[in-house]
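J.: any chance you can model this:
(one chain, ligands or ions: 2)
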Amino acid sequence: MRIEDVYIWDINAKWLGITPFQLMENAGAGVARVIEDRFGKGLKVAVFCGTGNNGGDGFVAARHLSFENDVTVFLVGDEAKIRSEEAKLNWNILKNLEFVKVEILKDSSQIRSLDLSNFDVIVDALLGAGTKGEPREPIRSAIEKINEYSGKAKIVSIDLPSGYPSEVRVKCDFAVTFQWDKEEFRDFERVIVKIGYPRELYHLVGPAHVKFAFRRKGEHKGQNGKLLVIGGSENYYGAPYLAAKAASYLVDLVFLLTPETVARKITDPNLIVREAKGRNLSPEHLNMALELAERVDAIVLGPGIGTSEETKEFVKEFLRRCDKPIVIDADALKVVAEDLSLVKGKKAVLTPHAGEFYRLFGVRPEGSLEEKAKLVMEKARESDVVVLLKGPYDIISDGRGWYYNRTGNRGMTTGGTGDVLAGVVGAFLALGNEPLRAAQAGAFLVGYAGDLVKEEKGEAFTALDVVNKIVEALRRCE
Ligand SMILES: NC(=O)C1=CN([C@@H]2O[C@H](COP(=O)(O)OP(=O)(O)OC[C@H]3O[C@@H](n4cnc5c(N)ncnc54)[C@H](O)[C@@H]3O)[C@@H](O)[C@H]2O)[C@H](O)CC1
Ligand SMILES: [K+]
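T.: Ligands and ions are numbered 1, 2, ... in the order given. I've put the predicted structure just below:
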């Protein structure tokens, strides 16, 4: 698990109804318990708190420790800067306690003159997962002050030694970190306390996956994602349009390569339509497709593409010669089913429904969520791509872990929502996300948009209704 996961778990925990207040209470209580387990009671404890939630954990730990120890809290910084509701609540509780001494240290001179020699334990709750860069004053002086007592007092850091990973960091005896170890943590001892997360969070896709996937990096047009949608045929023109339209809300440019019969029906100014002569895509359009692919960040291949022989030839050759991140959906999956080596090791997301999954892998996804998930994970690992199995719960795997998405409703069985999903996953790929994150974010966002439609219209709606709710759903994930 990485530090970013801390924020993903917090946000998705909130989605499950677990509040940051509960998490902070459990974190601070866990720190207090470890300190008393290790060092006994009747201790003289100094708790150095910053103004973020690391400090908030310190406020809680101070309150728990004050029951049988002599506690002094040093707030380092301006109390007006205490930002989160949960930290503010715990600060206000602490300030009103007679049996906890509270001192506010606003600048470094106050810190430099501190004498901590009569404290048995010093708790470092200055900086945690929200640290950016080298420690700045007055936090820096507090770190240096605490380090003067390394080897004299017991020094316990909350979550991680403040200042880490920079050289200016607290020399702690150990850090109490939460729920699981983090792969970025090196060269300091950790004690892990659980703070009440259910196992669900290992697997649940939530709004945090969208929040972290929708990163608009560039300032200039075209820097925030360029996508190419390849699809449409003599029988289908809606599908490629839905995929392209959905994506156009998330990225800067969307190109749509489609047969002329389809192109003529699409007049949406947000889409850059490129006509392929004839009624279906065929090998004669390969160069045009490859040249367009060179200009974009990601590709969606398949919506409405049909199953004519010349189109299957086109799909095969295109997959052989294009290495851009790609979503493969609908009838293009039929071509992949004939030869999985076409996608092996690509930055690809396959988006089959149950029938297409059977066609691809020769086995029906049946049984419990966990049984289906293990099957999806096995097939994703074998084919070395991300598989997003669509269903009442979408199941997603990159072959290493498995995730499931609960947003969406029965109204989503209406035609075209699969095209919308393919377009949105493609857009998240074009924004620079890894295939797994793109699939997680796409599944959640499209289902959530469908839920917003249902709130308004009940379960009778069209895929275009879902497209029109994507921006609203995205805003709620931010
Ligand atoms: N799920 C969990 O594991 C939980 C973790 N909790 C605790 O929350 C912190 C992360 O809190 P956050 O508010 O995001 O950030 P920090 O408190 O670490 O720091 C932000 C604070 O510090 C200032 N700041 C940032 N960088 C610097 C710097 N280089 N120098 C000086 N000051 C800096 C910034 O302006 C903010 O004011 C996590 O570590 C856990 O301890 C939850 O409480 C429980 C769930
Ligand atoms: K800390």
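
J.: the residue of the stretch 201-350 of the chain found nearest ligand 1 and Ile8: what is the separation?
T.: Minimum separation of the stretch 201-350 of the chain from ligand 1 (CB to the nearest ligand atom) falls at Leu201, amounting to 9.8 Å. (Each C-beta comes from the backbone N, C-alpha and C, glycine too.) Leu201 is 8 Å from Ile8, where distance means CB to CB, to the nearest Å.

J.: and what of Glu338?
T.: Distance, Glu338 to Ile8, by CB to CB: 37 Å.

J.: which of these two has more neighbours?
T.: Set Glu338 next to Ile8 and count neighbours by other CB atoms under 10 Å: Ile8 wins out with 20 against 12.

J.: tell me the secondary structure for that one?
T.: Judged by DSSP: H, G, I helix; E, B strand; the rest coil, the three-state class of Ile8 is helix.

J.: might one say that Cys172 is in contact with Ser157?
T.: Yes. Assessed by CB atoms under 8 Å, Cys172 is found in contact with Ser157 at 3.9 Å.

J.: tell me which of these two has more neighbours.
T.: Taking other CB under 10 Å, Cys172 and Ser157 do not tie; Ser157 has more neighbours (32 against 25).

J.: what strand or helix carries that one?
T.: If you go by DSSP states H and E, Ser157 is part of strand 154-158.

J.: and the helix or strand just after that strand, what does it pack onto?
T.: Counting by DSSP H and E, the next helix or strand C-terminal to strand 154-158 is strand 174-178. Contacts defined by 3 or more CB pairs under 8 Å, 6 or more residues apart in numbering; DSSP states H and E place strand 174-178 against helix 20-39, strand 154-158, strand 190-193.

J.: would you mind giving the ones you listed as a markdown table with distance to Ala422 and mean pLDDT added?
T.: As requested, those are exported to a markdown table (distance: least, CB to CB, whole Å; pLDDT from 0 to 100):
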| stretch | distance to Ala422 | mean pLDDT |
| --- | --- | --- |
| helix 20-39 | 35 | 97 |
| strand 154-158 | 44 | 98 |
| strand 190-193 | 40 | 96 |
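
J.: just checking, next helix/strand downstream of the host helix or strand of the residue of the stretch 201-350 of the chain closest to ligand 1?
T.: Element membership for Leu201, per DSSP H and E: helix 200-203. With elements assigned by DSSP H and E, the helix or strand that comes after helix 200-203 is helix 207-213.

J.: which residues sit against the helix or strand just after that next one?
T.: Where DSSP H and E defines the elements, the next helix or strand beyond helix 207-213 is strand 226-230. By CB atoms under 8 Å, 6 or more residues apart in numbering, the surrounding residues in contact with strand 226-230 are 240, 243-244, 247, 251-258, 281, 289, 292-293, 295-303, 305, 318, 423, 426-427, 429-430.

J.: of those, grab the buried ones for PyMOL.
T.: The following PyMOL line selects those of these that are buried, judged by 16 or more other CB atoms under 10 Å:
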select buried, resi 240+243+244+247+251+252+253+254+255+256+257+258+281+289+292+293+296+297+298+299+300+301+302+303+305+318+423+426+427+429+430
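
J.: could you find the closest non-adjacent residue to Ser233?
T.: In space, and not counting its chain neighbours, Ser233 is closest to Gly306: 3.2 Å by CB to CB, 6 or more residues apart in numbering.

J.: burial check on that neighbour, number of neighbours?
T.: Residues lying near Gly306 (other CB under 10 Å) number 23.

J.: can you pull out the strands in the stretch 1-150 of the chain?
T.: With DSSP state E, counting those that start in this stretch as the criterion, the stretch 1-150 of the chain has strands at 44-49, 70-76, 100-105, 121-125.

J.: who are the packing partners of the first one?
T.: Same thing as strand 44-49. When contacts are defined as 3+ CB pairs under 8 Å, 6+ apart, strand 44-49 sits against helix 53-65, strand 70-76, strand 121-125.

J.: repeat for the third one
T.: Of the remaining helices and strands, those touching strand 100-105 by 3+ CB pairs under 8 Å, 6+ apart are strand 70-76, helix 85-95.

J.: can you give me the buried ones in the last one?
T.: Read that as helix 85-95. Residues of helix 85-95 classed as buried: Glu86, Ala87, Leu89, Asn90, Trp91, Leu94 (neighbour count, 16+ other CB under 10 Å).

J.: just the pLDDT for the fifth one.
T.: The confidence metric pLDDT takes the value 98 at Trp91.

J.: that one against Glu79, yeah?
T.: Yes. Using CB under 8 Å, Trp91 is in contact with Glu79, at 6.7 Å.

J.: for the helices and strands packed on strand 44-49, give me TSV that also has distance to ligand 2, mean neighbour count and mean pLDDT.
T.: Below are the helices and strands packed on strand 44-49 laid out as TSV (distance: least, CB to the ion, whole Å; neighbours: other CB atoms under 10 Å; pLDDT from 0 to 100):
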stretch	distance to ligand 2	mean neighbour count	mean pLDDT
helix 53-65	5	27	98
strand 70-76	11	24	98
strand 121-125	5	28	98
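
J.: distance to ligand 1 added to these, as a markdown table?
T.: Shown next, in a markdown table, are the helices and strands packed on strand 44-49 (distance: least, CB to the nearest ligand atom, whole Å):
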| stretch | distance to ligand 1 |
| --- | --- |
| helix 53-65 | 3 |
| strand 70-76 | 9 |
| strand 121-125 | 7 |
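
J.: out of those, which comes closest to Gly367?
T.: Closest to Gly367 of these, according to CB to CB: helix 53-65, at 40.4 Å.

J.: contacts for the closest one, please.
T.: Contacts of helix 53-65 (CB under 8 Å, 6+ apart): 20, 24-25, 27-29, 31-33, 35-36, 43, 45, 47-50, 71, 73, 75, 82, 84, 86-87, 90-91, 93-94, 97, 100, 123, 125-130, 158-159, 162.

J.: restricted to buried residues, select those in PyMOL.
T.: What follows is the PyMOL syntax selecting those of the contacts of helix 53-65 that are buried according to 16+ other CB under 10 Å:
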select buried, resi 20+24+25+27+28+29+31+32+35+36+43+45+47+48+49+50+71+73+75+82+84+86+87+90+91+94+100+123+125+126+127+128+129+158+159+162
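
J.: give me the neighbour count for the closest residue in space to the residue of the stretch 201-350 of the chain closest to ligand 1 that isn't next to it in sequence.
T.: Counting by CB to CB, 6+ apart, Leu201 lies nearest to Trp9, which is 5.1 Å off, once chain neighbours are set aside. For Trp9, the count of nearby residues is 23 (other CB under 10 Å).

J.: strand 226-230 and the helix or strand hosting Lys245, what's the angle between them?
T.: If you go by DSSP H and E, Lys245 is part of helix 238-248. Per axes from the mean of the first three to the mean of the last three CA atoms, to 10 degrees, the angle that helix 238-248 makes with strand 226-230 is 170 degrees.
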